[in-house]
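> no sequence on hand, only this structure:
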């Protein structure tokens with residue numbers, strides 16, 4: 001969709017702007033691209049109800065995992081996952097991302113919206129982005 005392309009473009013422009021003329025900008029660009037891709041995948045897993053996959057992204061930098069009670073998510077379906085514009089640090093290893101999740105609680109038949117901010121970090125070893133924030137709490 002147009003919004004996704006826009007986000008990727010903004011990330012790219014931001015990353016290049018931060019590092020104009022430094023030799024790292026290819027690495028930075030690839031990390032910014034990878035973040036956009038990871039957010040796409042995370043959102044797709046959310047919408048398809050693949051919560052165990054979503055939970056796989058939740059790893060803190062020290063290797064521990066935040067609590068995620070996945071059993072209670074049986075009656076929930078996510079209708080949309082929309083990341084806002086990430087705020088990145090200079091070497092694009094930390095990203096603060098506002099997110100909005102629209103979801104349906106089948107038990108109450110209500111559409112709800114959850115807005116929160118997630119903190120993502122880049123793992124140099126696996127070349128992957130992880131989110132250290134708690135698993136989104138749907139209620």
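Done, it's in. Only a predicted model underlies this, so the values are computations on that prediction, with no experimental measurement involved.

> so the most centrally placed residue in the chain, which of the three states?
Centroid check for the chain by Cα atoms, centre = their mean gives residue 39 as the closest residue, at 4.1 Å. Following DSSP: H, G, I helix; E, B strand; the rest coil, the label given to residue 39 is helix.

> let's see the pLDDT reported for it.
The model reports residue 39 with a pLDDT of 97.

> burial count for residue 92?
Counted with other Cβ atoms under 10 Å, residues neighbouring residue 92 total 25. Just so you know, the C-beta spots here come from the backbone N, C-alpha and C atoms, and that holds for glycine as well.

> ok, now how distant is it from residue 29?
According to Cβ to Cβ, to the nearest Å, residue 92 stands 9 Å off from residue 29.

> over to residue 79?
Taking Cβ to Cβ, one finds residue 79 at 32 Å from residue 29.

> show me what residue 104 is bridged to.
Note on residue 104: beta-bridge partners residue 77, residue 111, judged by DSSP bridges.

> which ones are touching the nearest residue to residue 53 once chain neighbours are set aside?
Leaving out its chain neighbours, the residue that sits closest to residue 53 by Cβ to Cβ, 6 or more residues apart in numbering is residue 45, at 4.3 Å. Residue 45 makes contact with 51, 53-54, according to Cβ atoms under 8 Å, 6 or more residues apart in numbering.

> so of the residues you listed, which ones are in strands?
Among the contacts of residue 45, no member falls in strands (DSSP state E).

> got a winner among those for most neighbours?
Comparing those by number of neighbours (other Cβ under 10 Å), residue 54 comes first, having 24 neighbours.

> residues contacting it?
Per Cβ under 8 Å, 6+ apart, neighbours of residue 54: 42, 45-46, 135.
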